[in-house]
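Asker: A structural model of the following input is requested.
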Amino acid sequence: MTQSALSDLSHLLSKEFMLRVWIRQVWVGRSLGTPQQDRISTHLDQEFQTKYFKPFRSRKASRSPAWIVSSSGNQPNRNVGSFHSTLLYLKSTSSTIMTSTNTSSLLPLVFFSVLLSSVLCFQPLFSLEGSSTHLTITLKAVLYKSAEVCRALASAEGQDFSLTIDNSLTISKTSITNMYLGNAAVDVVDALSKKHHFDDETFPEGRDVITAGIVEGSVLAVKANVKQENFVAGRLILGRVCHTLQDFYSHSNWVELGNRDPYSILIRPDRPLENLADLSVATCQNCINGDCNNNLLTELLTSGYFNILSSDKPAGKCSHGGVFDKTSSQDPVGGINKDDFRASHGVLHHQAAALAVNATIELLEDIRLAVGDKNFLRLMGLSQSSVLCFVIDTRGSMSDDIIEAKRVSFSIIESKKGTKEEPSAYILVPFNDPDVGPLLITTDADVFKARINSLTASGGDDIPGLCLSGLQLALVAAPPSSEIFVFTDAPAKDVERFGAVTALIESSKSVVTFMLTEVTSVTHSLSQLDVQLYRELAQASGGQAIEVSTKSDLPQATIVIEDSLALAVVTLLQIVKSGETEEDFSFQVDDSMRSLTAYITGDTDLTFTLTNPSGSTQESTVVNGPLATISTVGNLRRISLSIVNQMGLWKITVDTKERFSLKVTGQSSVNFIYNLIEAHEGAHGGYNLKEDRPITGGNCNLLVSVTGSDTAKLTEVTLVEVSGSQQVTGSVQALGGGNYLVTFYSVPGGEFAVHARGEEGNGSTSSSTAASSSFQRQAPTQIKTASISISASASLVEPGSIISVPFTVANGVVTNVHVTNDQGYITSAPASVMLDTRGTVNHMVELTVPGTAARGSVVTLVVEADNGTTNNYAILRLSVAADVTDISGPVCQMTSISDTCHSSAALCSSTQWQYSTRLTDGANGAGIDSVSIRQGNGTLKTSQHVGAAGENVTMVAYNATCCALKVELVAVDKVGNVGTCTGQVILKQATAAVPTTSTAGRTLTLSQLLWIGVTVSHLWL
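Answerer: Numbering: from 1, shown residues only. The predicted model follows:
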């Protein structure tokens, strides 16, 4: 990917950060920035309007979107020969890479260009210079629609829309990553599926993928996921749906037919596809000397045929085109795709991309109407703060622990209510034996308080509990990178879930902290061996295992929960050591740091010494000293450091003979996130998210993004062994805008933490200030290597079905297989598998989905391969998607308008008008699920009954003052189909009934006229 293309992408990614900042501001209702930052905000807001938002609004056919690059000027040669020459050039410069069996060794050239993917669709993630990709198309649409929703929320709450930068804030790009990597996955899983790319004139089948797909997932599945608050699964499916929708504009002749607006019928399955070329219609003629600009013959809708194995296609039909498409060599030769500017119709690439952006915006609007504004923003990954997540043991001995969990949660809720630190969601998972759950996910603090307040301690005091099952539920339910707190005083009974829980920790990058009580009690059953399991899980996640000997000490330990919920908490250093000798640990404190806290867990004999950048020291025996305030409870030392005017290199010297952990955190806007990625070759080459462990001795690729600063530059990324001395420094390639490709060669076996070092661009040249401009950060979650690999594939399941999930194990001989899922569904899999002479084996897991499984729910399946010395895993998040026959939105029929409005604006508040309508979803419809006011300040009342034909009827009565003369209602049926209706009072005399017609062709007549005249229009989308 070239510097100019990456620069544009990085600029867009920075806008996502600013949107998050603005949401925090608007939802809290306060200014967060300094006057200088407010001026920056105004500039950015104008830039959003002029550069990114206005260009994507619908335009008349006579106008092209303003952002489209002209087809004339300095454009490269777009003929087939030029494309082929470029391919040969790249092959000649990277022939050893293209034939390598280790795809992790691809050079940056291949990473940037990923040329092979351009011959079949918009490229998934990275592109040739000037070309749009599925990533940039999706991101532009998400930014536009998210900003529009933010403006609507701001207007409703009397707020201004602004993008204020606040140094206490940071960004997680994980959510948008889920979406566009789900998009890119189509080019791997469904690379040769015609309907997923609208190839071979598969328009009905392609629309089904978007609107009614069961195996693939559809927009209805996205809505169902959001309704169940399964946002991660919803994003992955949405990314897949967007891919197919976007490919329509590159692979069909919609652009060539002169259309400048999206083909909205693609997201409306209740309307017929029109103007389609049938099989007998010749659609193309031969390209002439590689020039395909005039090869289309038809005014009907068509798309190119594509096949990598055979040149056969129907007579006279267009081909997709490109070196991998064998049909393009058969008459009529050539192609019509617009995947990039060097494609057969590359001259229209930008027009196709612009339409794909607008089509994606239309799709997002449909989802927004179905799920509501705030849930839409949660789906987009834009929320104002972290979540509060508790996993609580409710056995009889846990009474005091439950009381403390209630106290600390109530305190957090009350102290943060109405502030920018107020949690965005609350998650509670109680567990006992034999029960786990029910899981609670809510955005309502009062609902959470009521549920946690209802918990009581009951059951055996000292029997093990299903702790890991409860934690597994929380890891699946919580957003990525959450903080999860587990309260227990007993061993885990379900230790067989240790591997699955570890896999979910590594995948979600969530931090787990255990609050363990009565660890040293002689009457209790929680032994050091039991505690070690919790310590290992805490270590893997970047959390802590806090052990107190009496339950009365727990309130002093729960301060770590409040620490974790502060804004923009970053980790500077975290290690676990055996403690054989005295050891020094250094960490860099930069000038973006607002506070600093260190946590040490270890034996009671542990001592330490603090040293600040000026050389001053403080011993651990000094509780209130010049460098820090120290508190101790159980095995935890909490050290609140004084860093005022002490930026630079700090040191902690730890002296103990026992195993200990050290964690240093602070508050700063500057941080980084990373994702493991892996290369894939072939016709749709590129990089995809890698969720399993890297192979020991192999190469490892990370996509690293610096967040919270436009001037911070990453200089070094290192894998540091957590409990040893091994270090592997990666090769860092800057991609622009704070994004980096980091490649590690020959990663050894072990558990590693990702360390990042960098420089702030505004550092002074003086020695004291230059030191403070350096920063260091550490990712909490560890990376662990494995000598075996495992992969699995599946996406959706249906209620009452048995699904076979294929999986492949490689690099071994005999491997044990463990399968778990978070819903307790029945699974069947071989206990062990024997690998063949090539070191691989293919097998199946059978998953039985009960008929009661709710549509939109998700079952997370973890398939673990273990050869006795190492293990690896595959994680599948399977959405439950029932077959949907209801594809039509709700229908309305106005029944009455009553009362009068006075034409005087001064008297409008003293008079009211009423609008009544009858909503139905058809005799075979799922029924109306919700009715809401999108525009208007009146009140709404609904009632339900059964109509004469057996249909479900919802009666709606809307009342408003005459100060608001227009209403727009949104009706959503139970499967997510959407309808909108508008009514408006016109202040003029009327003498006759006014007919109104919906877009579905239904004619309505006003049954009652106001003396001033009324017009009501019904517009159904």
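
Asker: for the stretch 401-550 of the chain, give me the ranges with low pLDDT.
Answerer: 460-462, 519-525 (pLDDT under 70).

Asker: now do the stretch 151-300 of the chain
Answerer: Using pLDDT under 70, the stretch 151-300 of the chain drops low at 160-178, 180-181, 184, 187-189, 213-217.

Asker: could you redo the last one with a cut-off of 90?
Answerer: 151-193, 211-222, 224-237, 239-240, 269-270, 290 (pLDDT under 90).

Asker: would you map the helices across it?
Answerer: 174-189, 203-211, 219-227, 231-251 (DSSP state H, counting those that start in this stretch).

Asker: TSV please, covering the ones you listed and showing distance to residue 885.
Answerer: In short, each C-beta sits where N, CA and C put it, glycine included. Shown next, in TSV, are the helices of the stretch 151-300 of the chain (distance: least, C-beta to C-beta, whole Å):
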stretch	distance to residue 885
helix 174-189	25
helix 203-211	12
helix 219-227	11
helix 231-251	19
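
Asker: can you redo the ones you listed as JSON lines with mean neighbour count and distance to residue 946?
Answerer: Output for the helices of the stretch 151-300 of the chain, formatted as JSON lines (neighbours: other C-beta atoms under 10 Å; distance: least, C-beta to C-beta, whole Å):
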{"stretch": "helix 174-189", "mean neighbour count": "22", "distance to residue 946": "41"}
{"stretch": "helix 203-211", "mean neighbour count": "22", "distance to residue 946": "28"}
{"stretch": "helix 219-227", "mean neighbour count": "27", "distance to residue 946": "24"}
{"stretch": "helix 231-251", "mean neighbour count": "27", "distance to residue 946": "33"}
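
Asker: nearest to residue 841, out of the ones you listed?
Answerer: Closest to residue 841 of these is helix 174-189 (C-beta to C-beta; 20.6 Å).

Asker: quick one on the thing from earlier: so which of the helices of the stretch 151-300 of the chain gets nearest residue 816?
Answerer: helix 174-189 (27.1 Å).

Asker: one step back: for residue 855, find the nearest of the helices of the stretch 151-300 of the chain.
Answerer: helix 219-227 (5.0 Å).

Asker: out of the helices of the stretch 151-300 of the chain, which gets nearest to residue 723?
Answerer: When the helices of the stretch 151-300 of the chain are compared by C-beta to C-beta, helix 174-189 sits nearest residue 723, at 27.0 Å.

Asker: assumed residue 452 was part of a strand.
Answerer: No. Counting by DSSP: H, G, I helix; E, B strand; the rest coil, residue 452 is located in no strand; its state is helix.

Asker: contact partners for it?
Answerer: 390, 392, 405, 406, 409, 428 (C-beta atoms under 8 Å, 6 or more residues apart in numbering).

Asker: give me the neighbour count for the last one.
Answerer: I take that to be residue 428. Residues near residue 428, counting by other C-beta atoms under 10 Å, number 24.

Asker: partner residues bridging it?
Answerer: Beta-bridge pairing of residue 428 under DSSP bridges involves residue 390, residue 440.

Asker: hmm, back to that, what's the closest of the contacts of residue 452 to residue 540?
Answerer: Closest approach to residue 540 among these (C-beta to C-beta): residue 390, at 19.9 Å.

Asker: what sits against the closest one?
Answerer: Contacts for residue 390 (C-beta under 8 Å, 6+ apart) come out as 405, 409, 427, 428, 429, 452, 484, 485, 486, 487.
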